[in-house]
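Undergrad: For reference, the sequence and a predicted model appear below.
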Amino acid sequence: MAVGLIRGHQQGPYFIDSTVALEADSEMQAVNQKIAAQDAILKKEEQVFNDSLMKLLDSLSVRRGEEESLMELVNMESNVFRHKKIDSISRATHDEVAIAIEHFNGNVKVYCEKAGIPVLFGSNNNTVVYGTGKKSDKTKELVTFLGNK
C-alpha cells in the first residue's frame, strides 16, 4: 500500500486502538463503572443466597443418602439464581452500552471531520493493523479530542 506525504504529513491510512479510545471516553467509563457496581452487588447477593442455603442445610436433619441429592438441588438453585441476575443486569445495561457506543462513534466522526481524515480504522491492540508508522496512529489525538468534549 503506497502512502504519500503532503507537506511533511503522512496521508492515511490512519487507525486508532479502539480499546484505548473507548476506555478514555467519559460516557463509556460511566457505563463500565455502573456495570462493575452491579457486578459487585450481584456477587454480594449471590454470597448471601449461598450462605442462607448452607445455613438451611445445616439446620435440616438429613439422612445420609439424601445429602448428595440435596446438594445437587442447592447447586441448581444457586445456578438459576446467578443466571437470572446476570441476565437481568445484561438487559439493563445493553441499551446504555449501545447508546454510549453510538455517541462515541459520533464523536469519532466529528474528530475525523475536524482532522481531515476520510477513513479511520479501529483495531484492538493493533491486531488488524500492520506496519510501523507511528504517524498513522491517531489514538492519542482522538483521546485528547474526547477529553476536551
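TA: Yes, it's here. Numbering: from 1, shown residues only.

Undergrad: Settle this for me: Leu146 is touching Asn107, isn't it.
TA: Yes. With contacts counted by CB atoms under 8 Å, Leu146 reaches Asn107, the gap being 6.0 Å. All C-beta spots, glycine's among them, are computed from the backbone N, C-alpha and C.

Undergrad: where are the low-confidence patches of the protein?
TA: Confidence mapping of the chain against pLDDT under 70 gives the ranges 1-10, 60-65, 67, 125-135.

Undergrad: which one's the longest helix in it?
TA: Assignment by DSSP state H gives helix 67-115 as the longest helix of the chain.

Undergrad: Return the alpha-carbon coordinates of the very next helix or strand once past that helix using CSV.
TA: Using DSSP states H and E, the next helix or strand after helix 67-115 towards the C-terminus is strand 120-123. Only the C-alpha atoms of strand 120-123 are listed here, as CSV (Å, rounded to 0.1, in the frame of the first residue of the first chain):
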residue,chain,number,x,y,z
LEU,A,120,-10.1,5.9,10.3
PHE,A,121,-9.6,2.3,11.0
GLY,A,122,-10.2,0.9,14.5
SER,A,123,-8.3,-2.1,15.9
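
Undergrad: Can you give the distance of strand 120-123 from its chain's centre?
TA: Averaging C-alpha positions (CA atoms, centre = their mean, to the nearest Å) puts strand 120-123 18 Å from its chain's average.

Undergrad: now stretch 15-27
TA: Worked out by CA atoms, centre = their mean, stretch 15-27 lies 11 Å from the chain centre.

Undergrad: First residue to last residue on it, what's the distance there?
TA: One end of stretch 15-27 sits 21 Å from the other (CA to CA, to the nearest Å).

Undergrad: Next, the buried residues of it.
TA: Using 16 or more other CB atoms under 10 Å as the test for burial, stretch 15-27 gives 15-18, 21-22, 24-25, 27.
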